[in-house]
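All I have is the shape, not the residue letters:
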């Protein structure tokens, strides 16, 4: 009869243990997702830095070309 007397308490304890195990699993899953997301951010940051460098180089080239064009226009009697 003692087992039946504490049945609700035993069920509640088992339910709490199962809930805690599932919660720990979710936390572990979220931690893995966070690590993967951080790796993706690092890759994107590197790509952005490379792209930024390329843009700066290309803008410098455009600036040189525009200066040459301006010089030609001025030599031909333009503005």
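Cool, got the structure. Computed from a prediction, not measured in an experiment: that's the story for all the values here. Residues are numbered from 1 along each chain as shown.

residue ranges for the helices of this protein, please.
Counting by DSSP state H, the chain has helices at residues 2-5, 7-75.

Can you mark which positions in stretch 18-27 are buried?
By neighbour count on 16 or more other C-beta atoms under 10 Å, the buried set for stretch 18-27 is empty. Bear in mind the C-beta positions are built from the backbone N, C-alpha and C, glycine included.

any idea how far it is from the chain center?
26 Å (C-alpha atoms, centre = their mean, to the nearest Å).

and it, average pLDDT?
Averaging pLDDT along stretch 18-27 gives 94.

In this protein, where is pLDDT below threshold?
Low-confidence segments of the chain, defined by pLDDT under 70: 1-3, 78-79.

dump the residue contacts of the spatially most central residue of the chain.
The centroid of the chain falls nearest to residue 41 when counting by C-alpha atoms, centre = their mean (3.4 Å). Residue 41 sits next to no residue when contact means C-beta atoms under 8 Å, 6 or more residues apart in numbering.

do you know how far it is from residue 67?
38 Å (C-beta to C-beta, to the nearest Å).

now residue 5
Residue 5 is 94 Å from residue 67, by C-beta to C-beta.

now do residue 17
75 Å.

Next: residue 31.
Taken as C-beta to C-beta, the span from residue 31 to residue 67 is 54 Å.

And residue 28, by the same measure?
59 Å.
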